[in-house]
Every structure is written in C-alpha cells, then in structure tokens.
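Participant: the following block contains a protein sequence and its predicted model.
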Amino acid sequence: MKRKRLLYVGNALSSKGKTVTTIETLSLLLRQEGYDVEVTSAISIKSLRMLDMMRALLRSRKSIDSVLIDTYSTSNFWYAVIIASLCRTFSIPYIPILHGGNLPHRLKNNAKICKQLFGSAQINVAPSGYLYNAFAKAGFSNLILIPNTIELAEYPFKERTVFKPNLLWVRSFAEIYNPLMAIKVLEKILQKYPEATLTMVGPDKDGSIVLCEEYARKNSLPVHFTGRLSKEDWTTLAQDHDVFISTTNFDNTPVSVIEAMALGLPVVSTNVGGMPYLIHDTVDGLLSAPENVSAFSEKISKLLENTASTKEIVLNARQKVESFDWSVVKEQWHKVLC
C-alpha cells in the first residue's frame, strides 16, 4: 500500500550546530516505512524560518495528505499556531506533536488560541502521560499517546559492576534546563567524593554555557564541556561514565534520558513535568526536587553506595525503554497516518 505524503514542520537545525530533534529522527524513520516526507525548516533565523515553513506549506498544499507540526511551549509555539491556521484555511489535516514541557501553561494562558490549534487538529500526539493527561484534563479528546522513540539496537547496554561519581549531563545549554545546577551538584558531590567529575554535552542555546564555564573555572571544578556531539559520539562517551543527571526545570520526555536508560546509566532527574511519568522513583531511576542541590546530591550518593539496588534500577530502566523501540512505536504511527 502506498504511504501518504507528509509535510513535517519543525526545527531541523542540527546542521547549524543545534541538537538533533524529533523532526530529524522521526522523519527519517517514517521515510524508511515508505512515507514521502518533506521537512521544513533548517533556517537559523526565526523570522526567516517561519517564512520558509509557510512557503513549504503553500507550495505543497495540493499534494500533501497531512502536516506534522512539532509543537513547543516557548516562542516556537507560534510556529504551530500559524502553520495550523494555514492548514485550516486550505482544509489540510494536521497533527501537532506535543513537545513543550510548559504546554499545560499555554492551555491556561492562551486558552482561545489553544482551542483552535488543538481542537481542530486531526489528532494530537502526546509523547508522555504528562502531556496526555494535561490535554485530556483540558477537554481535548482528539488525543493519542505515542512515546518518543529510539532504535534500541543503536544503544549498547553496559552492565556495570561498580558505580563511580563520573557524572554525565546531555542537553542544550538553556536556562530552562538549568545546566548551572549540574555544576553545583558536582561541587557538592566533591565534598564526599573528591574524585568526582562531570561531562556536559550539548550546544549553547541562550548563553547559559558562558555562565557555566565561568562558574566551573572560578571554583576550579573538574567539568568537561564537549559542545554538541553526534549521537554516536556521546553514546560512546557514555561508556566512560556511571551516572546520568538531568537538572531541568521544565520538561516533557527528553530523548536523552531515554537513551541513557537504554545504555545502562542510572538516571537522577529533577521531578518536573513529564519526568515522573517516565521515571518511577527508586524503581527505574531516582527523582529529586528541582533547584535543590543538596537533595539531588544525596540521590547520587544513594546510587553510588547501594550497588545492588542501583543494578536493579538499571535493569528495570532498560526493560522500560524497550517499549520505546521503533519496532513497537511505528505501529502506532501507522494507525494515525494511514
């Protein structure tokens, strides 16, 4: 059966030094399944990116079957609003893919716009129970839960016999992801484990990396900043680390955390947004209060000092993310798109 032709709208900016996002990974996987997928946009300047997205829709409006729209909660939220409005004008079905960890606040603060955007969608795809529940509570029934996906075979599982204080943080350097907290956690951990280290992987998004570098240098902390790495490079680097930390203040279901769970790294994360829907505290990871450096550091110590329970957490996490493998998730996408 011939698959449909799709236009996928989002921020495809990895070629400009930014982190690879869902639009680039999911579009490739859908093409492998036989869908004809056009992607827009790879332009860095936001205003020009918006124009490029609009041009792509207008150019393809008579030939596409559906539009996928990566939908975020910060300023990029307005891309989804404008593209969805054009889709309604030309009677083109569209599917918002909900990524923004702060979208529940949009539902409250921009209620009328959200009712148009999400209420008129063919269906809204929530990658986490967190957003699914928030949208259901807001009264949207055109909703389905399809988790973010990985290809599990690309993530070699490492079974560790001991866990050392070699910390790994992977995310864009942006204030909402609170990278500075990761460095303060290391500073605290060093008081108990003087051999501790921290590696931070990711591109700068809003200047946060400058503050992080200055703090680490001023306090002589063993932090290694790698910049953006390819998936292959950072997953190889992960083999030399023993604990993955996520210090974010807002989030949905970050793929980097799913990847860490697949690789066999125990995860300590702030208990925000979609994280408690992804991680069951003490079962397949540890959760800690946001902005609380001492509490977060204690969670890391718990992992390091209880090898048997940490091994069990790691195995449970790997088992959980098996349900995120593309071989499973693709069937859900076929039902939505066919």
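Facilitator: In hand now; what should we look at?

Participant: average model confidence for stretch 232-252?
Facilitator: Within the predicted structure, the mean pLDDT of stretch 232-252 is 95.

Participant: cool, and stretch 113-131?
Facilitator: 97.

Participant: end-to-end on it?
Facilitator: Across stretch 113-131, the terminal residues are separated by 17 Å (Cα to Cα, to the nearest Å).

Participant: what residues does it touch?
Facilitator: 66, 71, 80-81, 84-85, 88, 93-99, 101, 103-104, 106-107, 132, 135, 138, 140, 142-148, 252-253, 273-274, 276-278, 336 (Cβ atoms under 8 Å, 6 or more residues apart in numbering). C-beta here means a position set from N, CA and C on the backbone, and glycine is covered the same way.

Participant: could you redo the last one with a cut-off of 7 Å?
Facilitator: Residues from elsewhere that reach stretch 113-131, judged by Cβ atoms under 7 Å, 6 or more residues apart in numbering: 66, 80-81, 84, 88, 93-98, 103, 106-107, 132, 135, 140, 142-148, 252-253, 273-274, 277-278, 336.

Participant: what subset of those is buried?
Facilitator: 66, 80-81, 84, 94-98, 103, 106-107, 132, 135, 140, 143, 146-148, 252-253, 273-274, 277-278 (16 or more other Cβ atoms under 10 Å).

Participant: mind checking which of the residues you listed are in helices?
Facilitator: Within those, residues falling in helices by DSSP state H are 80-81, 84, 103, 106-107, 132, 135, 277-278.

Participant: touching, Ile245 and Leu167? I think so.
Facilitator: Yes: between Ile245 and Leu167 there is a contact under Cβ atoms under 7 Å: 5.4 Å.

Participant: so which of the two has more stuff around it?
Facilitator: Taking neighbours as other Cβ atoms under 10 Å, Ile245 and Leu167 compare with Ile245 leading, 31 against 24.

Participant: which strand residues bridge that one?
Facilitator: Note on Ile245: beta-bridge partners by DSSP bridges are Val268.

Participant: got the contact list for it?
Facilitator: With Cβ under 7 Å, 6+ apart as the criterion, the residues that contact Ile245 are 167, 169, 182, 185, 268.

Participant: got the contact list for the last one?
Facilitator: Residues in contact with Val268 (Cβ under 7 Å, 6+ apart) are 243, 245, 286, 288, 296, 299-300, 303.

Participant: and the pLDDT at it?
Facilitator: The model's pLDDT for Val268 equals 98.

Participant: ok, the first one next?
Facilitator: We note a pLDDT of 98 for Leu167 in this prediction.

Participant: check the secondary structure at it for me.
Facilitator: Here Leu167 is recorded as strand under DSSP: H, G, I helix; E, B strand; the rest coil.

Participant: you'd agree it is up against Val243?
Facilitator: Yes: using Cβ under 7 Å, Leu167 makes contact with Val243 at a distance of 5.2 Å.

Participant: where does this protein have low pLDDT?
Facilitator: 1 (pLDDT under 70).

Participant: give me the most central residue, it.
Facilitator: Note on the chain: the residue nearest the mean C-alpha position is Pro254, at 2.6 Å, using Cα atoms, centre = their mean.

Participant: ramachandran coordinates for Lys115?
Facilitator: The phi/psi pair for Lys115 (degrees, to the nearest 10) reads phi -60, psi -40.

Participant: report the separation between it and Val162.
Facilitator: Using Cβ to Cβ, to the nearest Å, we find Lys115 at a distance of 53 Å from Val162.

Participant: can you check Ile209 too?
Facilitator: The value you get for Ile209 to Val162, if Cβ to Cβ is used, is 31 Å.

Participant: who has more neighbours, these two?
Facilitator: Set Ile209 next to Val162 and count neighbours by other Cβ under 10 Å: Ile209 wins out with 20 against 9.

Participant: what strand or helix carries that one?
Facilitator: helix 208-218 (DSSP states H and E).

Participant: show me how this protein divides into domains.
Facilitator: 5-146, 152-323 (automatic domain parsing).

Participant: now do Phe244: how many residues are near it, please.
Facilitator: Neighbour tally, Phe244, other Cβ under 10 Å: 24.

Participant: now the helices for the stretch 151-300 of the chain?
Facilitator: 179-190, 208-218, 231-237, 255-263, 275-278, 293-305 (DSSP state H, counting those that start in this stretch).

Participant: out of the ones you listed, which is closest to Glu331?
Facilitator: Closest approach to Glu331 among these (Cβ to Cβ): helix 255-263, 18.3 Å.

Participant: now the domains of the chain as TSV including distance to Val329?
Facilitator: Output for those, formatted as TSV (distance: least, Cβ to Cβ, whole Å):
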stretch	distance to Val329
domain 5-146	6
domain 152-323	8
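
Participant: nearest to Gln332, out of the ones you listed?
Facilitator: With respect to Gln332, and counting by Cβ to Cβ, the nearest of those is domain 5-146 at 4.6 Å.

Participant: and the end-to-end length of that closest one?
Facilitator: Taking Cα to Cα, the first and last residues of domain 5-146 lie 20 Å apart.
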